[in-house]
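K.L.:
fold the stuff below for me.
(chains A and B)
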Amino acid sequence: MCVSESGTMDKDRAFLEIPRKPPKYRPAAERLKDFKAVELRLTDQEVYEQAARCMDCGTPFCHGCGCPLANVIPELNEHVYRHRWREALELLLATNPFPEFTARICPALCEGACVLGLNDEPMNIRQIELAIVEKGFERGYLAARPPATRQNRRVAVVGSGPAGLAVADALNRAGYPVVVYENSAQLGGILRYGIPNYKLEKWVIDRRIKLMREEGVVFETGVEIGHDVSYRYLSGRFDAIVLTGGAREPRDLKVPGRELAGIHFAMDYLRQQNQRLAHEPVDAAPILAEGKRVVIIGGGDTGADCLGTALRQGAAHVLQLEIMPRPPPTRSEATPWPMWPLMLRESSSHKEGGERRWCVDTTEFVGKVGSRKSEVGSEKDRASDRVGQLRCVEVEWGAAAEGGRPGPQRKPGTEFSVDADLVLLAMGFVGPGRNRLVEELGLARDPRGFLARDQNHMTGEPGVFTAGDMTQGASLVVRAILDGLQAAEGVTRYLGTSRPCA
Amino acid sequence: MSAPLIHEYAASGLYAPDYEHGSCGVGFLANIRGEASHAIVERGVEVLKNLLHRGAIGADKNTGDGAGLLLQVPDRFFRAQSERLKVVLPAAGRYGIGMLFMPQSSEARAKCRELVARATADEGLSVLGWREVPTDGSVLGEKARREQPVVMQCIVDGCGSAGSELDRKLYVLRKQIEKRVAASIGPEEGFYIPSLSASTIVYKGLMMATQVPGFYPDLGDPALETALAVVHQRYSTNTFPSWPLAQPFRFLAHNGEINTLRGNRNQIRARERDLESDLFGADIAKIVPILEEDVSDSANLDNALELLCMGGRTLHHAMIMLIPQAWGVKYPIGPDLRGFFEYHAGLMEPWDGPAAVAFSDGRRVGAMLDRNGLRPARYTVMDDGFIVFASEAGVLELPAEHVVEKGALRPGQILMVDLVQQRLMKDCEIKMRLARTKPYRRWVDENKIDVHGLFNAVAPAVPDTETLFDRLNLFGYTREDLEVILAPMAQTGHEPVGSMGSDQPLAVLSERPQLLYWYFKQIFAQVTNPAIDPIREELVMSLMTFLGNSPRILNEIPQHARLVKMRHPFLANEDLERVRNLNEADFRCLTLKMGFPALGSGRELAEALATLCRRAESAVANGYRLIILSDRDLPEHAAPIPALLAVSAVNRHLIRGGMRTSVGLIAETAEAREVMHMAVLLGYGASAINPYLAFEAVADMTMKKQIDVSSGVSGALENYIEALCKGLLKTMSKIGISTLRSYRSAQVFEAVGLNRALVDKYFEGTPSRIEGIGLDEIAAEANARYRSVRERDPAQPPILAAGGQYRFRTDGERHLWTPETISLLQRATRENDPALYEQYAARINDQAEKQSTLRGLFRFKPQTPVPLAEVEPASEIVKRFVTGAMSFGSISRETHETLAIAMNRLGAMSNSGEGGEDPARYAPLPNGDNRATATKQVASGRFGVTAEYLVNARDLQIKIAQGAKPGEGGQLPGHKVNEEIARVRHATPGVTLISPPPHHDIYSIEDIAQLIYDLKNANPAARVSVKLVSEIGVGTVAAGVAKGHADMILISGYDGGTGASPLSSIKHAGVPWELGLSEAQQTLVLNGLRSRVRLQVDGQLKTGRDVVIGALLGAEEFGFATAALVVCGCVMMRKCHKNTCPVGVATQDPALRKRFSGKPEYVQNFFLMIAEEVRRIMASLGFRAMDEMIGRADLIERNEAVSFWKARGLDFSRILFRPSAEPAAVRRTSRQEHGLAQALDNEILAKSGAAIDAGEKVSLALPIRNVHRTVGTLTSNRIVNKYGSAGLPDDTVTLSFTGAAGQSFGAFCSKGMTLVLNGEANDYLGKGLSGAKIIVRPYPGARYDPAENMLVGNVLLYGATAGELYCNGRAGERFAIRNSGACAVVEGVGDHGCEYMTGGRVVILGSTGVNFGAGMSGGIAYVYDETGLFDDNCNLGMIDLELVDDPADEQELRGMIERHLRYTGSPRAKQILADWSARLPHFVKVFPMEYKRALGRLSREDAAIARQEVPIA
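P.N.:
Residues are numbered from 1 along each chain as shown, chains lettered A, B, ... in the order given. Alright, predicted model coming up:
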């Protein structure tokens, strides 16, 4: 079946006749040579056809269960299928302020919940979203729309990651003058410094920031609140302050040898590469993978980002270790539809090289032999202060202990060693990390260590709000955006609307 | 039970006396020569007795619903009496006789006598004397005796007046007496005047027909002579029949229902102020109010008839005004007659509804039928001038050789005997004479103004795109309104269709601002009167309407025709401008704005409404004849008043002021957009509507190419208007109303969630039973919309709200079925995980925060718990569970069988739905599983309803209505009828199958009793259940059904239903089951009928808590449909109608069916988990057994934790009311007495049963009478039980009868039976015929020409699947309706012949009525068309007319006629065969187009197979 120019094909049965078109990528050999985006866009015709597959469910799980932002995916698909790009864009923007980000980096929970996925391949929702937003920019639909009238209360947003940008955008649209403070040199937070360029080229962020500036948002970079600017200063100038500092404190692996050189947190590594590509000064001693045997501990997205980055830097070999078992190739029974399927995922990076192992626990880091003067005879003592090897053991995931979660059991006799010149720890994040303002105000934290807040997203300090990973813990960009939007609503409720009835 | 008690119940419970229904046996007898005799009285009593089975008796077995006779005033009798009374009687005709029901207390009686005497004197007449009418109360039932009045006759001296002048004076006098008595004694005393006339006298009472002569010994007095009698035997649904409501009334006896009663009452009331008549002079003021209060529809019809007759019109003229026949453009009538009807259409709106009426003024006696012909009406004329007319043939045994004519009234026809002229006048003569008494046609032509000018095309509306978005927002438009409602309407000209019911909050529980329309629910016809098919029987329907109307209905002047005529009530923008600028003094037009101060409260809104009403009133006073209520271009500070509120307020105000008929009321509103909106506006009084913003939205979407119509904006608008018209017709047809003129102001809605004060003030007369919001909340909702516009940032892109009524949206209306609840339920049942089930149930049950349903606002009163272990086990509780009726065809075979297997394993019941069942499923599977459904549905299409199907059931369910679309039929389009479905439904693959809106054998309450009896005969072992949908009055319907001997009654909620339906039906028709179930329970208990029937409830039941609430409100059984499908994998796509179900549940597509993942185990898990939840709640409430819980509504209270602002005013006390006046059963404790022991078949079986069992030939001859109903069916049951569907060899059992057969002769009779009837038959002959042969020929010795006389009644061979019928005589309406396999030869048929036929062969050797072949999708009919006019009578929508030129056809036709001759000796058959080659060209072959295509395809396939089978050399 093909879609006619005017999109008048019978869409009711298209899902039976049109197969899902998987995402297309530049060839691995080619893309490893640079840090440019690896994923390619579908052609318009392909997008129309893919949109036709949407069954326009009466109870759309993509929208009502998958997408945290509740993008109105069936209606977007219908618009796209009918070539109504402008309407699609406007409807998309009504729920998602930054589709150009999510369309590139979201794991697309919507697709996991897509009803077609029950017994078929799900929709290409993310790529349709990408087409909508990029078409919008190409055609100039996405022009600045500053609010018609301004509120007389002002808001400061601290942090310019996805949550901060979402808060700023929403409040600006609601008419509040907004100033965003960012302590890094450039804006975007994790989008800028965490996610590799090959997944999100930074011009995408610049384009959005430019638009937001045109719409009236003021950005100040290189400003650390609590250091460069005091809380008193802020609270005097603003009626509300929103903290969106992210979850910066990585989970560490406290095993013998952790102090050795050559063991780094993934985010430090990734940030440096982003700074390098942006021609910013690198903020610490360079961490580079070129020619090295790299071991990444942690099998998640950040680990995958490290893997792709290391390969591009010319690593000799990359190994990614994960303590969890290898997921099944298709949806695990433990995560039935419409839950986000637990299954083996291969990011674009995994297709570029490297090796993955599961059910592996690292028990010790061992220094490089001979690179440091030995003092006494033992092998360990002879080791240098640079990491040279990991001692690992395989684990088994038994049944859950009484009332608890299943835990790993080390399997005796499965110990092995892995040589490594560079170890990257990509094991998640455990808290917001150091934040002067938080400490100055003594803001309460929840039991996990993240900022506590009420249903309006306000911290214990009146007028001080928080959003994103800083309060909800490390999560997806799309969830940070949602949290930002919800915080903006909380701020609006707190400030009340002063806009006169037009 | 006394009247005050009824009203007390009505005030505190849900029982509503307004919704009592009556229908009955009716008839008249007369001597055309005008010779009075006592024999007429005797025969009248005989007729009554033979109509007894059409009446009903209540819980007290001896109390009938009422019976009586209307006679001429018997002068000889009263002369005899006067001597005894020592009264000097004036000459015949110069005195009047009052028949009075007097109070039981002598004190009150004395008072009444005094009042009567004084009033009589005041009117210039005098009371000559009183006579206490001898009565014998001992024959009465207990209830009737308790209320038995003292019956007295009062003799009034005409003081010089006589004839009609005296009758008019006595009419005025009666009105005076009624008023004076009402003013001085209470209604509980029971004073009532059955008749007060110089011409007629009425003997009637609350009794059964057989009791009438015993109660009134007068009737046995030979001096009591009359030349005419009107008789009536009442069957009311209700609980509380009363003496005054027995019939005949003063002029008529009515078998029917007035569906438009409220509108008719309003219109009559509106005219009272301006009534004038030379005949009455100043007395006219004394007869107001015209209509009696708190009486039945029939009584009010009698009042209206009386007014018109007394005002000077002849009896038949008045009748035709009140109940006009259809006269639309599709009706073949002459211009004079059309002029007559059009003139009167502007004067009087039809009293619409099924009706057979017998009427008399003492000089004439006659009968007529409504436009749909929905009541049987047969008559016989004898050579001595005697005529008998009755609801059935055979009510009197008359010598066949003296019969001159046997006939029947056709739809809309009238028949009258004029005793003065001593003539019998037929329809054509009566109407043509009337049409020419005045130049009506010229009056109409000269005066009417056509608004939809010469050009049909609608000028394109130009959207003001600058402000469009804000205005859409202001009037609450959502993206759904545009995309789901308007766009499809404008695109296709049809209302959009959806599936899977409604799981959203009621308007009063919704957090989003709701339009006022959403607080109203459509009322629809069920059981007591049929819905109409607005598509196949469109010719009886009309949207034609007028602006302007005259109140002076007693005059006949040309000015009455000075009206603006519209084809439909929707005004395009330029139409409205034309009307606004009509340069006519008669049509001065004023526009009033519907706005109130924005952000104001209810008080400001009330003031604005009061101002609006005042302005409208002064406009009328100042001579304006058209008022446009407009929300266009409101000032900035004004928020729109909901148009419905404004229209209804002004309408009511003008009615009260007696000014409404002087003015046309036009709503120019942005708010109205969908069919329901239009229907409510019209139902509350709008004359016409200009939905200008909907027009603009359609135009805008068309210009943006969101709507793609080749003819552009005007085409889209025309489509949109057409869709509105179709939808409106459908909405009207659901309640059985044919014309918009009578739908207007008929208020056929129930309010849900509006408070009493609001309703009483602005929607007076509308039922509203749970209170709810008032003006403050309405203002708040309007303000919320206003604010959203004012506060919008114009810089941001305009995105309308999502809506979410029809599809789940996170920011739209809440649903109970969400991705979360669906997946929790699926996981819980698949993994059999009680913890997940509890999470699911908690999300549904806990509505404290997010209220969705009425029951969500309930909570249980704390009780002393019992240990869980002591509670009835789940394995017992599940036996009360059933799955919903979903046909194989609507859902896949996999789903259907999964449900059946699961329910059979549990000992519960699954339901076949309407679509038959594959007989292969009757045999168990190797593992012991049983795939057969326990409940077999019998729905209006009767698909696959064979004798064998009926025998293989534990429960036979008559589906009257379904929650998704009560009052509507259905259609399975040809492309969905695959090989397998066609086989089970006895149809041809590829041929569309239509289920009509009504059961064509249930036009009234007595008919359902008949169908129940038929089914019991077909399978005495099965129980018979009746499925109703919740609406106001369902309690009285349930009572009627219980009286009709149903074993179980199912009350469905409006919100349930998985089937595909128009969206407006899914959302707006019917009410939640909490209301309907409680009403049914209360009414049945009050009436002592509850002990005989079980109650079942369904409609969005999802959890054990729902079950418990259902039980506490009175249900014994519980149905689940949607939830069971979800368990089978349904993900609420709501696309069932598209055959694209991606989970293989609701599809026939083999590829998709492979995706079905359900298992019986999941369904078992589901029901067991529900039962466990029920057990936990039972334990907490202290119940050990389910039975203890039934009807314990006292354990429910309102959950005060719910603080939602709109829910605050809700009051559930009526739902929770428990009638406790008399100790009565609150659940089924006994069984129905079905009366099978009296069946004639017992005699047959006694003589032939053994032979049948042995398979030997049997031949019997028996006399038969009309009281012998459903003859042959029990015998057939014996055969099918033993021999299955194959039956016996042809003619094994031959039964010959002589006489008039009762209804349903030969119903469901199986192969091997031959039934010969010498005489005549009533309705439903050969219903569901399953292979038998039926032969009907005239009485031996009859001299009338069978080809020109009526031998058999209406609705023959309904749903027949096989067999033959040969009838040497004419048949009535709807011959061979929905026939799918029988072959029949008949000499002529009435209207709607072969309607919905899908198979079989029909030969008609004579003329046909109109609308032949409507909805006929299969089978072939051959019609002998001697006059060449047959095609005028055909509905050519689905059929082709061809010559019989194929030799195979000729052979088939000739063979059938030859057999007809052989079996019946038909003279006509003989003539035709004798001259075959000359006669053959007169035959027309009626060949359905789809059938032709399907046969072509099949023969091509056969040919292809034949080719393949040729071996390749």
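
K.L.:
so the closest residue to B:Ile1457 other than its chain neighbours is in which element?
P.N.:
Counting by Cβ to Cβ, 6 or more residues apart in numbering or on different chains, B:Ile1457 lies nearest to B:Ala1469, which is 5.1 Å off, once chain neighbours are set aside. To be clear about C-beta, it is placed using only N, CA and C from the backbone, and glycine gets the same treatment. Element membership for B:Ala1469, per DSSP states H and E: helix B:1467-1474.

K.L.:
next, residue 346: phi, psi?
P.N.:
Went with chain A since none was named. The phi and psi torsions at A:Glu346 (degrees, to the nearest 10) take the values phi -110, psi 120.

K.L.:
please refer instead to chain B.
P.N.:
Residue torsions, per degrees, to the nearest 10, at B:Gly346 are phi -80, psi -10.

K.L.:
next one: the one 5 residues further on
P.N.:
For B:Trp351, the backbone dihedrals are phi -90, psi 90 (criterion: degrees, to the nearest 10).

K.L.:
that one: neighbour count?
P.N.:
By the other Cβ atoms under 10 Å in any protein chain shown criterion, the neighbourhood of B:Trp351 contains 27 residues.

K.L.:
roughly how far apart are it and B:His316?
P.N.:
Distance, B:Trp351 to B:His316, using Cβ to Cβ, to the nearest Å: 15 Å.

K.L.:
where does the prediction get shaky in the chain?
P.N.:
Reading this off chain A. Along chain A, segments meeting pLDDT under 70 span A:1-9, A:370-383, A:399-405, A:497-502.

K.L.:
I was after chain B.
P.N.:
Scanning chain B with the threshold set as pLDDT under 70 gives B:1-11, B:21-23, B:55-61, B:236-241, B:452-457, B:848, B:1220-1223, B:1507-1513.

K.L.:
if I look at the closest residue to chain A within it, how far off is B:Thr1122?
P.N.:
Among all residues of chain B, B:Arg1134 sits closest to chain A, at 2.7 Å; criterion: Cβ to the nearest Cβ. Here the distance between B:Arg1134 and B:Thr1122 works out to 11 Å (Cβ to Cβ).

K.L.:
shared neighbours, those two?
P.N.:
Overlap of the contact sets of B:Arg1134 and B:Thr1122 (by Cβ atoms under 8 Å, 6 or more residues apart in numbering or on different chains) consists of B:Met500.

K.L.:
thinking A:Ala452 is in contact with A:Met458, fair?
P.N.:
No. With contact defined as Cβ atoms under 8 Å, A:Ala452 does not reach A:Met458; the gap is 10.0 Å.

K.L.:
for the two, indicate the residue with more neighbours.
P.N.:
Applying other Cβ under 10 Å to A:Ala452 and A:Met458 shows that A:Met458 carries more neighbours, namely 21 against 15.

K.L.:
identify the residue nearest the more buried one in space, chain neighbours excluded?
P.N.:
A:Phe465 (5.1 Å).

K.L.:
what kind of secondary structure is that neighbour in?
P.N.:
Three-state secondary structure (criterion: DSSP: H, G, I helix; E, B strand; the rest coil) places A:Phe465 in strand.

K.L.:
hmm, back to that, count residues in the vicinity of the residue of chain B closest to chain A, would you?
P.N.:
24.
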